[in-house]
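J.: sharing a sequence plus its predicted fold:
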Amino acid sequence: MIEVEKKFILTKDQEEKLTEGADFLGENVNIDLGYDDADFSLTTKDIWLRRRNGKFELKIPLNATRESRISDQYEEIDDEDAILKYFGAKNASLEDFLQEKKYQSLFTIVTTRRKYKKGGFNIDLDQMDFGYNVAEIEKMIENKEDIQKTTNEIILFAKDHGINTTQNIYGKAIEYFRRHSPKHFQALVTAKIVWPI
């Protein structure tokens, strides 16, 4: 599946308007550990390997360039064998692969997430343990051909709820690096994965 999402910082009024009439799907807590090596060889390619609540997930970028990035677009893989296959690894386990590549956890982020569904979109309101709050409006699709259409739909949906769609917002990991790991954040800026705000 392909995840197409856009992040927003909401005012209280915007949050209330966005969730008004939405189906509340529940609240959960995610504990994310993000993995990379000392040279940041994964994240500087916009590849995100994490362990969420004990389960490994890999996000592979589908955006052509940072400059053309209006929404975030990733293929998500959550099967360990498929993750090993993506890396061309012959290891018996992902744990062995991490050790071989010297991938280690560079952050742990605890997120309280409230999930909603409205108008065919998933809405996640995330509150991180390091004082950062962000909203995500997303849709899962199957075909790459639908990415631009889906991005336009997300933007229109946000505008209909009075949300500024031109703001550049960092995801939780990047904001964590900006605040707590300037070297890693600068490596992402240099690699043109993120832009300085």
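T.: Thanks, I have the structure now. Residues are numbered from 1 along each chain as shown.
J.: give me phi/psi at Tyr116?
T.: When quoted as degrees, to the nearest 10, the phi and psi of Tyr116 stand at phi -130, psi 160.
J.: what's the neighbour count on Ile123?
T.: 24 (other CB atoms under 10 Å). Heads up, the C-betas are built off the backbone N, CA and C, glycines and all.
J.: is it true that it touches Leu18?
T.: Yes - contact criterion CB atoms under 8 Å: Ile123 and Leu18 qualify, at 6.3 Å.
J.: shared neighbours, those two?
T.: With contacts taken as CB atoms under 8 Å, 6 or more residues apart in numbering, Ile123 and Leu18 have 116, 135 as neighbours in common.
J.: which of the three states applies to Ala173?
T.: helix (DSSP: H, G, I helix; E, B strand; the rest coil).
J.: how much space between the closest residue to it other than its chain neighbours and Ser105?
T.: Nearest residue to Ala173, sequence neighbours excluded (CB to CB, 6 or more residues apart in numbering): Gly34, at 5.5 Å. Distance check for Gly34 against Ser105: by CB to CB, to the nearest Å, it reads 7 Å.
J.: who has more neighbours, these two?
T.: When neighbours are counted by other CB under 10 Å, Gly34 and Ser105 differ, and Gly34 comes out ahead with 22 against 13.
J.: retrieve the pLDDT associated with the more buried one.
T.: Here, the pLDDT recorded for Gly34 equals 97.
J.: what's the helix or strand for it?
T.: strand 23-36 (DSSP states H and E).
J.: and the following helix or strand past that strand, what does it pack onto?
T.: Downstream of strand 23-36, the first helix or strand assigned by DSSP H and E is strand 48-52. Where contact means 3 or more CB pairs under 8 Å, 6 or more residues apart in numbering; DSSP states H and E, strand 48-52 is packed against strand 23-36, strand 55-61.
J.: make a markdown table out of those strands and add distance to Lys85.
T.: What follows is the helices and strands packed on strand 48-52, written out as a markdown table (distance: least, CB to CB, whole Å):
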| stretch | distance to Lys85 |
| --- | --- |
| strand 23-36 | 17 |
| strand 55-61 | 10 |
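J.: most packed of the ones you listed?
T.: Stretch with highest mean neighbour count among the helices and strands packed on strand 48-52: strand 55-61 (a mean of 17; mean count of other CB atoms under 10 Å).
J.: pull up the pairing partners for that one, direction included.
T.: Sheet pairing here is set by DSSP bridges, and for strand 55-61 it gives strand 48-52 (antiparallel), strand 72-77 (antiparallel).
J.: show me the contact partners of the helix or strand hosting Lys85.
T.: Lys85 belongs to helix 80-86 when elements are defined using DSSP H and E. Helix 80-86 is contacted from outside by 49, 56, 58, 60, 77, 91, 93-94, 97, using CB under 8 Å, 6+ apart.
J.: please redo it, this time with the cut-off set to 6 Å
T.: 56, 58, 77, 94 (CB atoms under 6 Å, 6 or more residues apart in numbering).
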